[in-house]
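> Below is the sequence, then the predicted model.
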Amino acid sequence: MSKRIDVKDLNVYYGSFLAVEGVNINIEAKSVTAFIGPSGCGKSTFLRTLNRMHEVLPGARVEGEVLLDGDNLYGPGVDPVTVRTQVGMVFQRPNPFPTMSIRDNVLAGVKLNNKKISKGAADALVEKSLRGANLWNEVKDRLEKPGSGLSGGQQQRLCIARAIAVEPQVILMDEPCSALDPISTLAVEDLINELKDEYTVVIVTHNMQQAARVSDKTAFFNIAGTGKPGKLIEFADTTTIFNNPSQKATEDYVSGRFG
Amino acid sequence: MTVTAPVARKRSALTKGQLPAFAPYVVLAVALVLGAAILALIGFNAFGWGLVSAILFTIGLVGWSAAVEGGRKANDKLATCLIVGSFLVALLPLISVIWTVLVNGIPGIITPGFLTTSMNGVTGALDNKSVDDGTKVLGGVYHALLGTVQITLLATVISVPVGLLTAIYLVEYGNDRALARAITFFVDVMTGIPSIVAGLFSAAFFFAVVGPGTKTGAVAAVALSVLMIPVVVRSSEEMLKIVPNELREAAYALGVRKWRTILKVVIPTAISGIASGVTLAIARVIGETAPILVTAGFATTINNNVFGGWMASLPTFIYTQILNPTSPSNPDPSSQRAWGAALVLIILVMLLNLGARLIARIFAPKAGR
């Protein structure tokens, strides 16, 4: 239950502004890929093109191909909603739905789409998803309480549970730990390690130690200057990127000389 | 355990002179006495006493503070005095209105049958008799209350869908397009339409479509909805705008369609604000008089049909009772009924506002562990 992603010559625009230029990348199924790079280099922008969330913003568009197991996400007639059911996303700030209970938050993907689900199946899905997100033991006694009452780290894991409840092929995470404390970060990182047994995980992070800890492969993005497009500089095994990068800019970045 | 070095006690170098805590009360007492003395010279009245005392109090307190505490504290006290003064000035008319309506309205409202009878069959002769014999004033506001409720309800039923859908278009689909900007502009223009113009529009519209002289509750409801729609659009728009974009993106990322996201995530999140906005819009139009006079006329009998026949409402009831008393020679019973109706109207608006708060609380996203 996971698919690979291949990106060919992808240019990403905001209106007429070219934000990310010429990205070619192959992301293996059942692996964790980390995107690192300085702020504003287009990591998050690029990540959002992988499930067509980019075009939610007015004027945003892309050129090029993103292939999910060979199917072009940007092919003619492709419904972005179908893409998003296959490629789930977890955001930087935990964003559980404030009007819903913990249980309803997990079931949001099902209920909001008005799919019929029996109570037994719903209970099983809630437990499976919450267990998958390492949250079950903490919330099993208060499933009917609002999700906004949880701590930040718990809310983020609730959002992950919500994302895996729709059983996607790929999970995208946009700096999922940047608003969390070290303990919650550890919980989420452990979770990412478990998730890669079943899903393809792509994570954007500013924390290079985190990239080193959780990812199999790492992509380094950089930007030449303000107003210039971001580019993929180097993509290789995480150990290679951190120990023996081929590009000077990568070495400077991972060794802390800039960024 | 940490050990702190003992610090020798001395007068703090960080403080300046301070007024004693009782200073404002002393100045107030002096100002009141002085004010009374000054007013006694030119002829005493309560309003002048309050005004002169307030000015004396401000001068006294600020002057004393400037002498003891320095300029900054004195400026602070001056600003406090001005703000409290403005607050009291703003509060005076409100209290005065409520007091007047209560005093004049309670005799009307406690008359048996006031809320349960109409003005059907109540003639000037009966009013004259009640004044001469001291018996109870006959007639009531039941028909007007019923009319107000029906007209307002119909206006709400018209305005809320139109207004809410407009707001949804503006926030979710408008994208600052020419159409969205035009709508925003015209909604702003509609907010400023005088209510009588809305009434004339509705009357002219129904005269043209249904037939000359069409005056029913529905015509009034259309007139009121012209006034209500811009308020509903504005308040709903603001409420939808403050729904965090993250929630929309969260729903999209789960593969939820846009219209379902709006229906199931955006509106439920904003519903408390929308509901209280709608209630305030109702409160805004429920007291309209002019548009109802030209659209629903004024009836003295109970009319249960919004779509046929003239209909009374509380504001027009008050207007006619005061302007054309049922008994021209003895206007007191009519004026008692008018004040009673005014009190009923104020209570209705107050209940609506309380209802808005209650709705906001019931629908508000619940926090808690």
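Happy to help now that I have it.

> So B:L343 versus B:A356, what's the distance?
20 Å (C-beta to C-beta, to the nearest Å). In this view, the C-beta of every residue, glycine as well, is placed from N, C-alpha and C.

> same question, B:Y173
Taken as C-beta to C-beta, the span from B:Y173 to B:A356 is 28 Å.

> Using the three-state scheme, assign A:E65.
Each residue gets one of three states, and A:E65 gets strand by DSSP: H, G, I helix; E, B strand; the rest coil.

> which residues does it bridge with?
A:K8 (DSSP bridges).

> I'd guessed it sits against A:L50; true?
No - here A:E65 does not reach A:L50: they are 11.9 Å apart, not a contact under C-beta atoms under 8 Å.

> With neighbour numbers in mind, choose between those two.
Between A:E65 and A:L50, A:L50 has the larger neighbour count (other C-beta atoms under 10 Å in any protein chain shown), namely 22 against 14.

> Tell me if I'm right that the more buried one and A:L67 touch.
No - the pair A:L50 and A:L67 fails to qualify as a contact (C-beta under 8 Å) at a distance of 10.7 Å.

> And whatever residue of the stretch 1-150 of chain A ends up closest to chain B, how close does it get to A:V166?
Residue nearest to chain B within the stretch 1-150 of chain A: A:T85 (3.3 Å; C-beta to the nearest C-beta). For A:T85, the distance to A:V166 equals 6 Å [C-beta to C-beta].

> Report the set of residues contacting both of these two.
Common contact partners of A:T85 and A:V166 (C-beta atoms under 8 Å, 6 or more residues apart in numbering or on different chains): A:109, B:254-255.

> Is it possible to get JSON lines of those that adds pLDDT, secondary structure and neighbour count?
Listed next are the shared contacts of A:T85 and A:V166 as JSON lines, based on pLDDT from 0 to 100; DSSP: H, G, I helix; E, B strand; the rest coil; neighbours: other C-beta atoms under 10 Å in any protein chain shown:
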{"residue": "A:G109", "pLDDT": "87", "secondary structure": "helix", "neighbour count": "27"}
{"residue": "B:L254", "pLDDT": "90", "secondary structure": "coil", "neighbour count": "24"}
{"residue": "B:G255", "pLDDT": "88", "secondary structure": "coil", "neighbour count": "22"}
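
> ok, which residues in the stretch 101-250 of chain A are in contact with chain B?
Applying C-beta under 8 Å from any C-beta of the partner chain, we find that the stretch 101-250 of chain A lies next to chain B at A:108-109, A:111-114, A:142, A:145-146, A:148-150, A:159, A:162-163, A:166.

> now, which of those sits nearest A:M89?
A:M89 lies nearest to A:A163 out of those, by C-beta to C-beta, at 6.6 Å.

> Could you say which helix or strand holds residue 48?
Since you didn't name a chain, this refers to chain A. helix A:43-49 (DSSP states H and E).

> Can you look at chain B instead?
helix B:46-68.

> Toward the C-terminus from that helix, list the very next helix or strand.
helix B:71-109.

> What mean pLDDT does that next one get?
If you average the pLDDT over helix B:71-109, you get 91.

> what angle do it and helix B:46-68 make?
160 degrees (axes from the mean of the first three to the mean of the last three C-alpha atoms, to 10 degrees).

> Please name every helix or strand in contact with helix B:71-109.
helix B:46-68, helix B:332-363 (3 or more C-beta pairs under 8 Å, 6 or more residues apart in numbering or on different chains; DSSP states H and E).

> Next, the buried residues of the helix or strand following it.
Per DSSP H and E, helix B:71-109 leads on to helix B:124-133 as the next helix or strand towards the C-terminus. Using 16 or more other C-beta atoms under 10 Å in any protein chain shown as the test for burial, helix B:124-133 gives B:126-131.

> could you dump helix B:124-133 to PDB, C-alpha only?
Provided in PDB are the C-alpha atoms of helix B:124-133 (Å, rounded to 0.1, in the frame of the first residue of the first chain):
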ATOM      1  CA  GLY B 124     -62.800  56.200  21.200                       C
ATOM      2  CA  ALA B 125     -66.000  55.800  23.300                       C
ATOM      3  CA  LEU B 126     -64.500  52.900  25.200                       C
ATOM      4  CA  ASP B 127     -61.300  54.900  25.900                       C
ATOM      5  CA  ASN B 128     -63.400  57.900  27.100                       C
ATOM      6  CA  LYS B 129     -65.300  55.500  29.400                       C
ATOM      7  CA  SER B 130     -62.200  54.000  30.900                       C
ATOM      8  CA  VAL B 131     -60.800  57.500  31.600                       C
ATOM      9  CA  ASP B 132     -64.100  58.700  33.100                       C
ATOM     10  CA  ASP B 133     -64.800  55.600  35.200                       C
END
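
> That helix vs helix B:332-363, what angle?
Going by the same axes, to 10 degrees, helix B:124-133 makes 100 degrees with helix B:332-363.

> Give me the distance from helix B:124-133 to the chain's centre.
36 Å (C-alpha atoms, centre = their mean, to the nearest Å).

> what comes into contact with that helix?
Against helix B:124-133 from outside (C-beta under 8 Å, 6+ apart): B:135-139, B:325-330, B:332-334.

> Okay, and which of those map to strands?
Judged by DSSP state E, the subset of these located in strands is empty.

> Now the two most distant members of those residues.
B:K136 and B:P328 (20.7 Å).

> and A:V188, what does it touch?
By C-beta under 8 Å, 6+ apart, the neighbours of A:V188 are A:153, A:156-157, A:160, A:176-177, A:180.

> so which helix or strand takes in the nearest residue to B:F44 once chain neighbours are set aside?
Leaving aside its chain neighbours, B:F44 sits nearest to B:A36 (7.4 Å; criterion: C-beta to C-beta, 6 or more residues apart in numbering or on different chains). Per DSSP H and E, B:A36 falls inside helix B:23-42.

> residue ranges for the strands of the stretch 201-350 of chain B, please.
Remark: no strands are assigned in the stretch 201-350 of chain B by DSSP state E, counting those that start in this stretch.

> Show me where it has its helices.
B:217-241, B:245-253, B:258-261, B:267-286, B:290-296, B:314-323, B:332-363 (DSSP state H, counting those that start in this stretch).

> just so I know, which of those lies nearest A:T238?
helix B:245-253 (25.8 Å).

> which helices and strands does the closest one pack with?
strand A:87-90, helix A:152-165, helix B:258-261.

> Try it again at 7 Å.
helix B:258-261 (3 or more C-beta pairs under 7 Å, 6 or more residues apart in numbering or on different chains; DSSP states H and E).

> So which bits of the helix it packs on are buried?
Quick answer for helix B:258-261 (16+ other C-beta under 10 Å): B:258, B:261.
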